[in-house]
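Visitor: With the sequence up front, the predicted model follows.
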Amino acid sequence: MPHRFDLVIIGSGAGGGTMARALASTGARILVLERGGFVPREPENWDPTAVWKHLRYRTTETWLDRRGRPFLPYTHYCVGGNTKFWGSVLYRLRKEDFGAVEHLDGVSPAWPIDYATLEPYYERAERLYQVHGEAGHDPTDPPRGPYPHPPIPHAPQMAETVTRLREQGLHPSPLPLGLIDPGAPDGCILCNTCNSFPCRRHAKSEAEVCCVRPATGQENVTLWTRAFATRLLTGPTGRRIATVEIERDGETLRVEAPLVVVACGAVNSAALLLRSADERHPDGLGNSSGLVGRRYMAHLATMMQGFHPFRLNRAVFQKTVGINDFYFAGPKTRYPLGQIQSQGRTHGVMGQTVVSWVPAGAYDVWMARGIDWLALSEDLPRPDNRVTVGADGRIRLEYRPNNGRAHRRLVRKMRRILRRLGYWLVMTHSHKTKNTTHQCGTLCFGTDPRASVLDPFCRSHDVENLFVVDASFFPSSAAVNPGLTIAAQALRVADHIAETELRSLS
Ligand SMILES: Cc1cc2nc3c(=O)[nH]c(=O)nc-3n(C[C@H](O)[C@H](O)[C@H](O)COP(=O)(O)OP(=O)(O)OC[C@H]3O[C@@H](n4cnc5c(N)ncnc54)[C@H](O)[C@@H]3O)c2cc1C
Ligand code: SF4
């Protein structure tokens, strides 16, 4: 016998978790399916060796790259999804990101909605995820009101860096950060194991803490962990999903619901639709455009470390500074280069993952004298950057980053900035084609069913009762972290579902 609910949400990360929280108060009977389990609260949460060397929380699943070679994607399957491990830098897209923007290597396409449409949902998402920040410092900020919480103060070393960046004519601004009650007895302690680590205190603003736990505290919301959605099966017309097929503890289960919200992350949502191909949808569910899985984007990202042998870096929580001076145009070019943000502290074992023969202890001495930054540039969509699935269901990710000239200029510029700050050496590292942390774009939204997979409310153009609310819907990747935009759009789609679909159910 199939299980019956009013709505099934597949995935409990930034998109799915936020959707569950937003719809919990409607009273609809909601089932959240999550392929992973809860991340336990344990000492290993903050142990760099457990997290970075033993990859304790990473998936063990391998994907194939464009040459068919297996690789371990940097992704996590658990309640809260990748938000459990994020750095919680929660930016709004810039107003201009919603329009078409010319870049050195091509054009970033326009979104079917503008900034003003998403603005009220950004505001709600910032409250839900308790974002700290201060408007008025970042020259690229879109029109906005004050942040719900004051900015996280810079550690003394970072405050001094900010002063010296200003002396270079730059406009450093406080990073918008989702942290819960910093300084309060049970709140965030601003430690040095935040970005890429789960928070042992549950003081990071992430989807499990801010959304899934409050939602499942209500009787009408059920969470099934270790429940992997394998296929979406359509009914007689082919226009609606009738059944969600699930593997759970070696059993095949079936769930029926009039509404299905897919939120598995950009790669897995595309894979689920492709695996759901049937006679009426031979190329995959919702794929009349041929775009399911295509236009994968991931940001061009380079970790940068300035090193000075006699300058000990005493900052514990270092991730508080953003530099957006080159977001719209670079020095000596009218084209955008991207953004720069300070990173969490690097630990010795993280260095070992790049060059393994150097002992972690030696790296620790090195890292104590380094300051860490991340340079991010927009990745431009192209159809041959794509997710496909093999006959065995295995994911293949064909990807080549697309906006390299802008990114190389950004990295060169940051290198010069760090040298002017007095650092003797600047080290860089990039995941390049294996970059999956900011994955997006595989089911893009738009108004034209021939040129997009989803409509502007993230409903499939082809399948009436299918919505997708994770990072898949992005038509362009912009150059800021994607999480807040995923959450804001999930809130917008939730309002739309509550006002239309759920109203007609009651
Ligand atoms: C180390 C790290 C740091 C990051 N830092 C930041 C940051 O500072 N700011 C920011 O904005 N973003 C950051 N990101 C990116 C951010 O985490 C993602 O953009 C965001 O979580 C994506 O949301 P999503 O809903 O698309 O997918 P996810 O949050 O990944 O959620 C997808 C969920 O679906 C589940 N799932 C997948 N397939 C199935 C299936 N078939 N059946 C059932 N369940 C399934 C997964 O287990 C997962 O829980 C970071 C990511 C990483 C890894
Ligand atoms: S205590 Fe604060 S800084 Fe440390 S992991 Fe938790 S949220 Fe991050």
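Guide: Received it, and whenever you're ready, just let me know what you need. Ligands and ions are numbered 1, 2, ... in the order given.
Visitor: Would you mind listing what in the stretch 101-250 of the chain touches ligand 2?
Guide: 179, 188, 189, 190, 191, 193, 194, 197, 199, 201, 203, 204 (CB under 6 Å from any ligand atom). Where you see a C-beta, it was placed from the backbone N, CA and C, and this is true even at glycine.
Visitor: repeat that for 5 Å
Guide: Within the stretch 101-250 of the chain, the positions near ligand 2 by CB under 5 Å from any ligand atom are 188, 189, 191, 194, 199, 201, 203, 204.
Visitor: for the residue in the stretch 101-250 of the chain positioned nearest to ligand 1, what are its contacts?
Guide: Proximity of the stretch 101-250 of the chain to ligand 1 (CB to the nearest ligand atom) peaks at residue 229, 3.7 Å away. Applying CB atoms under 8 Å, 6 or more residues apart in numbering to residue 229 gives the contacts 10, 33, 35, 244, 245, 246, 264, 272.
Visitor: tell me the SS of it?
Guide: The three-state label for residue 229, taken from DSSP: H, G, I helix; E, B strand; the rest coil, comes out as strand.
Visitor: Return the per-residue confidence for it.
Guide: At residue 229, the pLDDT value in this model is 98.
Visitor: So what pairs up with it in the strands?
Guide: residue 246 (DSSP bridges).
Visitor: For stretch 153-160, could you pull out the residues that count as buried?
Guide: Residues of stretch 153-160 classed as buried by neighbour count (16 or more other CB atoms under 10 Å): 154, 155, 157, 158.
Visitor: Return the alpha-carbon coordinates of it using CSV.
Guide: In CSV, the C-alpha atoms belonging to stretch 153-160 read as follows (Å, rounded to 0.1, in the frame of the first residue of the first chain):
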residue,chain,number,x,y,z
PRO,A,153,33.0,42.3,15.0
HIS,A,154,36.3,41.8,13.2
ALA,A,155,39.1,40.0,15.2
PRO,A,156,41.8,42.6,16.0
GLN,A,157,44.1,41.3,13.2
MET,A,158,41.2,41.5,10.7
ALA,A,159,40.2,45.0,11.9
GLU,A,160,43.8,46.1,11.2
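Visitor: got a list of contacts for that stretch?
Guide: Residues from elsewhere that reach stretch 153-160, judged by CB under 8 Å, 6+ apart: 161-162, 174, 313-318, 320-321, 342, 371.
Visitor: hmm, 7 Å instead?
Guide: 162, 313, 314, 315, 316, 317, 318, 320, 321, 342 (CB atoms under 7 Å, 6 or more residues apart in numbering).
Visitor: Looking at those, which is nearest residue 96?
Guide: residue 321 (22.2 Å; CB to CB).
Visitor: backbone phi and psi for the closest one, please?
Guide: Backbone geometry at residue 321, expressed as degrees, to the nearest 10, gives phi -120, psi 130.
Visitor: The closest residue to it other than its chain neighbours: how many residues sit nearby?
Guide: Of all residues not flanking residue 321 in the chain, residue 342 sits nearest, at 4.3 Å (CB to CB, 6 or more residues apart in numbering). Counted with other CB atoms under 10 Å, residues neighbouring residue 342 total 25.
Visitor: can you give me phi and psi for residue 342?
Guide: phi -70, psi 150.
Visitor: Let me see the contact set for it.
Guide: 158, 318, 319, 320, 321, 372, 373.
Visitor: Could you say which helix or strand holds residue 467?
Guide: Taking DSSP states H and E as the criterion, residue 467 maps to strand 466-468.
Visitor: Show me which residues of this structure sit near ligand 2.
Guide: So the chain meets ligand 2 at 188, 189, 191, 194, 199, 201, 203, 204 (CB under 5 Å from any ligand atom).
Visitor: from the stretch 251-400 of the chain, which residue is nearest to ligand 2?
Guide: Taking CB to the nearest ligand atom, the stretch 251-400 of the chain has residue 317 as its residue nearest ligand 2, at 5.8 Å.
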